[in-house]
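Visitor: with the sequence up front, the predicted model follows.
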Amino acid sequence: MNEPIRRISWPGKQDEDAFLRQEWLVTNGLGGYASGTIAGVTTRRFHGLLIAALPAPFGRTMMFNHLSEALLLPDGRKILLCGEECRSGAADLSCADHLAEFRLEMGLPVWRFEIGELILEKRVLMPHCQNTVHVNYKLLSGEKARLELRPAVYFRPHEGSVSDSLSEPYTLIIVEDRYEISGKSDYPPLRLQLYGEGASLTLDRGLVKDQHYRVEARRGYDSQGVLWSPGYFTANLTLDEDATLVASTESWATIDALTPPEALPAEHERRQRLLSIASQGAQSGIGAELTLAADQFIIIPAGRIEESARMRAAGDEMRTVIAGYHWFTDWGRDTMISLEGLTLVGGRYAEAGWILRTFAHHVREGLIPNMFPEGEREGLYHTADATLWFFHALDRYVETTGDRETLRLILPTLRQIVERHIAGTRFGIGVDPHDGLLRQGAEGYQLTWMDAKVGDWVVTPRRGKTVEINALWYNALELLARWLCEEDDMAAAQPFTRHAERARQSFNQRFWSPEGGYLYDVVDGENGDDPACRPNQLFAFSLKYPILTADRWKAVLEVVVDRLLTPVGLRSLAPGHHDYKAKYDGDLRARDAAYHQGTVWAWLIGPFIDAWLRVHPEDTQGARRFLAGFEWGLNDACAGSIGEIFDAEEPYTPRGCVAQAWSVAEVLRCWVRTAQ
């Protein structure tokens, strides 16, 4: 099996913004991660070498913020290996003079520095299911050099403010070559050890370092802070001796269980296994890269210890999906949309089952959680569509795996969900008895995937009967009826079949806009029927059971191609609408005003290709061309992954989360589906 390697081309050093935009990400299977710019400049509050996934009430916590790196050469020169950014916002990018290459090997980052005859490579990895990071430095040519590393810390929630002063003292405990940094709070200590010839730590009384976060400044957040450093490590580098800095919140026994020489081969072996069980189209090339990117989102939620213990006691395991890095937690909607691409395409059937059973365990009043807040044990349920996507995800799982036992286990819960929707449940979610369509809406809540909210302002409330929710509702009814029939319970299936047929008739009467030749986005809304041209209408014929009559599929598809399609996904609103925004940027209010008002969403390419193949069932080659824009996208934003959103107009600048679960999942799913 060929191991995927991606080499990232570099912009000119004079293009500072482009140089600082490219990022990297390594994750640990717990929700923790390490991340930064390829240039080594910390531009986000989320950038750090160890963001540990800690039990509630902590959640993901910034434990190791920054590492200044330099080489001391035999001729006395000191060469910086990473960029620095001072409080004024000026960046020192002298490292760019020596950074010859950045690449991903099996999805893991590698930096190659060339300083005359000296060649050095740096690697970052996180042992799977540990809050541990290894940063390795290896000399490939040149006689020798001395490595100098200065760690800097400021323990805080990973999404927390960076501007608070260092109100608590940090304590350094040293036992031989092991170091522990502790704060006054209840955070665990950060354990550090440098493996290498002549490794030592020089103390300098706790240097306080100013730090500017330029991306946070642009996004309207606190952007000036300080970091504390106990001193600097040094070690000799020769052709025979490399050096590795290990940082961890785990016990020393856990750290010692996987030494640096063992860690990289172990992680490579794990990744090779992932590729070996994946679908054929996901084992090489871009498919393999996306398979490894998908692995970043599937996690054991380390914060919910009690729930995990209960599931294990029942003979099961808990798994969930991080919706996006850096700031999203696990979201029900994103998980269900992503499940096929993240797990089933990758042959990770057991984990798919664990995810579905985990969320089934959390059903309350006919709803699965919309999200689990950072550091919390209980979910929030303010969503009208996540539960309906649950039916879709379960269908894809059962069809792929044949696991009828899980279906039988969850089937009573599915009946309860549908019955609660028919009778009415939270947030105004319920079937209108006059036409059988599903309505939703509650003041102050954003219940659909178009869920932007700033303070009390719900940007796209969409209260009423929305097009995609009714498409999902019909699909769920048909799936439930079919599953009950397959279990020889025809009598139980009949009421759901009748509800499905009534919803289908009403949908085709109410949602078709003869003037536009496409579907209304909302009917019976606060301001009547909404003719905004949005991508949500695709779900009317992209799902397994299409609610829209077949004679209208082509017309809707043509409108979407003409007005919404871009090389990196679909616009969330067609140009020409009075609310259309071409660019997503600025502070929180400005961004959320554009979030679903034109901004391109990568994940929507999945339902688009499903709809395209419904209309053109033999045109897999034509469908594949719609994925071409994502090939170069793997070099942008977060190397080797696909971000959340893009500006609505050229050059389609990537925005939002740099790595998004449903973006990766849907592109990977469609990549495999359209493989020749």
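Guide: Now that the structure is in, tell me what you want to look at.
Visitor: per-residue pLDDT, residue 375?
Guide: pLDDT for residue 375: 78.
Visitor: that one: what's it in contact with?
Guide: Going by CB atoms under 8 Å, 6 or more residues apart in numbering, residue 375 touches 56-59, 157, 303. From N, CA and C alone the C-beta is placed, and that goes for glycine too.
Visitor: tell me the most packed of those residues, by neighbour count.
Guide: In terms of neighbour count, residue 303 stands highest of the contacts of residue 375 at 23 neighbours, by other CB atoms under 10 Å.
Visitor: could you measure from the residue nearest to that residue when sequence neighbours are not counted over to residue 378?
Guide: Computed as CB to CB, 6 or more residues apart in numbering, the closest residue to residue 303 that is not its neighbour in sequence is residue 56, at 4.6 Å. Separation of residue 56 from residue 378 (CB to CB, to the nearest Å) stands at 10 Å.
Visitor: for the residue nearest to residue 303, identify the helix or strand it belongs to.
Guide: Using DSSP states H and E, residue 56 sits in no helix or strand.
Visitor: quick one: contacts for it?
Guide: Residue 56 touches 303-305, 375-377, counting by CB under 8 Å, 6+ apart.
Visitor: with residue 441 instead?
Guide: Neighbouring residues of residue 441 by CB under 8 Å, 6+ apart: 427-428, 447, 461-464, 526.
Visitor: now do residue 565
Guide: Contact analysis of residue 565 by CB under 8 Å, 6+ apart lists 571, 608, 626.
Visitor: low-confidence ranges in the chain?
Guide: Applying pLDDT under 70 to the chain picks out residues 1, 10-15, 86-94, 167.
Visitor: thinking again about what came up before, and the two most separated of the contacts of residue 441?
Guide: 427 and 526 (14.9 Å; CB to CB).
Visitor: those two - which one has more neighbours?
Guide: Counted by other CB under 10 Å, residue 427 and residue 526 do not tie: residue 427 has more neighbours, with 18 against 11.
Visitor: looks to me like the more buried one is in a helix.
Guide: Yes. Looking at residue 427 with DSSP: H, G, I helix; E, B strand; the rest coil, it is inside a helix.
Visitor: how near is it to residue 470?
Guide: Remark: distance between residue 427 and residue 470 (CB to CB) = 16 Å.
Visitor: about what we covered before: CSV for the contacts of residue 56, including distance to residue 127?
Guide: Compiled in CSV, these are given as follows (distance: CB to CB, whole Å):
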residue, distance to residue 127
303, 19
304, 21
305, 20
375, 23
376, 27
377, 26
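Visitor: going by distance to residue 317, which of those residues wins?
Guide: Nearest to residue 317 among the contacts of residue 56: residue 304, at 12.5 Å, using CB to CB.
Visitor: how about the residue lying closest to the closest one once chain neighbours are set aside, phi and psi?
Guide: Setting aside the residues directly before and after it, residue 304 is nearest to residue 377 in space (CB to CB, 6+ apart), at 5.7 Å. Residue 377 adopts backbone torsions of phi -90, psi -20, taken as degrees, to the nearest 10.
Visitor: now swap in residue 520 and tell me
Guide: Here is the backbone geometry of residue 520 (degrees, to the nearest 10): phi -60, psi 150.
Visitor: ok, it - contacts?
Guide: Here residue 520 is in contact with 467, 510-513, 529-531 (CB under 8 Å, 6+ apart).
Visitor: for the spatially most central residue of the chain, what are phi and psi?
Guide: With distances taken as CA atoms, centre = their mean, residue 324 lies nearest the centre of the chain, 2.2 Å away. Torsion angles at residue 324 (phi, psi; degrees, to the nearest 10) stand at phi -170, psi 150.
Visitor: can you show me the strands along the stretch 151-300 of the chain?
Guide: For the stretch 151-300 of the chain, the strands defined by DSSP state E, counting those that start in this stretch cover 156-157, 171-175, 178-182, 190-195, 197-212, 224-238, 243-248, 298-299.
Visitor: tell me which of the ones you listed sits most buried.
Guide: strand 243-248 (a mean of 24; mean count of other CB atoms under 10 Å).
Visitor: now do the strands in the stretch 351-500 of the chain.
Guide: Under the criterion DSSP E, counting those that start in this stretch, strands of the stretch 351-500 of the chain are mapped to 430-431, 438-439, 453-454, 457-458, 465-466.
Visitor: other residues contacting the second one?
Guide: By CB under 8 Å, 6+ apart, the residues outside strand 438-439 that reach it are 384, 421, 428-432, 464-465, 469-470, 473, 503, 524.
Visitor: and if we set it to 6 Å?
Guide: Residues outside strand 438-439 that contact it (CB atoms under 6 Å, 6 or more residues apart in numbering) are 431-432, 465, 469-470, 473.
Visitor: ditto for the fourth one
Guide: Taking CB under 6 Å, 6+ apart as the criterion, the residues outside strand 457-458 that touch it are residue 446.
Visitor: direction included, what does that strand pair up with?
Guide: Paired strands of strand 457-458, with direction, are strand 453-454 (antiparallel) (DSSP bridges).
Visitor: gap between the partner strand and the chain center?
Guide: 21 Å (CA atoms, centre = their mean, to the nearest Å).
Visitor: please apply the same query to stretch 43-55.
Guide: That offset, for stretch 43-55, works out to 15 Å (CA atoms, centre = their mean).
Visitor: from start to finish, how long is it in a straight line?
Guide: Separation of the first and last residues of stretch 43-55 by CA to CA, to the nearest Å is 27 Å.
Visitor: so which bits of that stretch are buried?
Guide: Buried positions in stretch 43-55, judged by neighbour count with 16 or more other CB atoms under 10 Å: 43-54.
Visitor: secondary structure added to those, as a markdown table?
Guide: Below are the buried residues of stretch 43-55 laid out as a markdown table (three-state DSSP):
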| residue | secondary structure |
| --- | --- |
| 43 | coil |
| 44 | coil |
| 45 | coil |
| 46 | coil |
| 47 | coil |
| 48 | strand |
| 49 | strand |
| 50 | strand |
| 51 | strand |
| 52 | strand |
| 53 | strand |
| 54 | strand |
